[in-house]
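Enquirer: Starting from these lines, generate the structure:
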Amino acid sequence: MFFETYQNQLILSGFILLILLVIRFITHALIRKIGRKSSLNQARINLICRYVSVTLFLIALLVEAFIFGAEFEEMALIFSSVFAVIGIGLFAIWSILSNVTSGIIMFFSFPYKVGDKIRIHDKDFPIEAIIEDIRGFQLHLRCDNGDLVTYPNNMILQKAVTLIKKDAIKDINEKDINLP
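Expert: Next comes the predicted model:
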């Protein structure tokens, strides 16, 4: 009974889901290609792929609601209510959203990579360290004295940064190997 009643909607749903899966596959392939070309670590590539998957899932939910008969006014009311609640919550924790957005921007246009030694020109807390990891919310920086510093992604995009040495971590590993 259900399949007979909603036959057209189910066929259209299958078609839409197939298209979204193809789009997901293509975008993941492009992101992985860009990541390999830019010599980015696999964790960053996987993070951006997850962001794309969640976005496509939300689009699929929206399209499915319209296919099964939801009216635009009803959807507008639901989404405005949800976004109002989310907006209030994100206003309270805006730095998390800012760091995630900065992480996405850094994936595509950050000129420094894991292993590079950089200097962050911060008036209050200047840092000279090797980039150990680039995550969704922060950079992990290893100072010369061995301290691990986590630096927020949104701050690294706001500060002047100087590249001191590319692949400095390789030099450290080679010194460790060549010890007598």
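Enquirer: does Thr162 sit in a helix, a strand or a coil?
Expert: With DSSP: H, G, I helix; E, B strand; the rest coil as the basis, Thr162 sits in strand.
Enquirer: what number of residues lie near it?
Expert: Residues near Thr162, counting by other C-beta atoms under 10 Å, number 11. C-betas here are computed from N, CA, C, even on glycine.
Enquirer: That one against Arg119, yeah?
Expert: Yes. Thr162 is in contact with Arg119 according to C-beta atoms under 8 Å; the separation is 4.5 Å.
Enquirer: Look up the closest residue to Cys49, ignoring the ones flanking it.
Expert: Using C-beta to C-beta, 6 or more residues apart in numbering and skipping residues adjacent in sequence, the residue nearest Cys49 is His28, 5.0 Å away.
Enquirer: wait, I meant Ile120
Expert: Ile127 (4.4 Å).
Enquirer: same thing with Gly136?
Expert: Counting by C-beta to C-beta, 6+ apart, the residue nearest Gly136 is Gly103, at 4.7 Å.
Enquirer: cool, and Ser102?
Expert: Using C-beta to C-beta, 6+ apart, the closest residue to Ser102 is Asn153 (3.7 Å).
Enquirer: Now that neighbour: phi and psi?
Expert: Main-chain torsions, Asn153, degrees, to the nearest 10: phi -60, psi -40.
Enquirer: residues contacting it?
Expert: 99-100, 102-103, 106, 136-139 (C-beta atoms under 8 Å, 6 or more residues apart in numbering).
Enquirer: thinking again about what came up before, for the residue nearest to Gly136, pull up the helix or strand it's in.
Expert: helix 94-109 (DSSP states H and E).
Enquirer: Just the mean pLDDT for that helix, thanks.
Expert: Confidence over helix 94-109 (mean pLDDT, whole number) is 80.
Enquirer: do stretch 161-180 as well
Expert: For stretch 161-180, the per-residue pLDDT averages 64.
Enquirer: still on that earlier bit, and which of the contacts of Asn153 is nearest to Leu10?
Expert: Nearest to Leu10 among the contacts of Asn153, counting by C-beta to C-beta, is Val100 at 35.3 Å.
Enquirer: all strands in this structure, in order from the N-terminus.
Expert: Applying DSSP state E to the chain gives strands spanning 117-121, 127-134, 138-143, 148-152, 160-165.
Enquirer: Grab the nearest non-local neighbour of Arg32.
Expert: Ile45 (5.7 Å).
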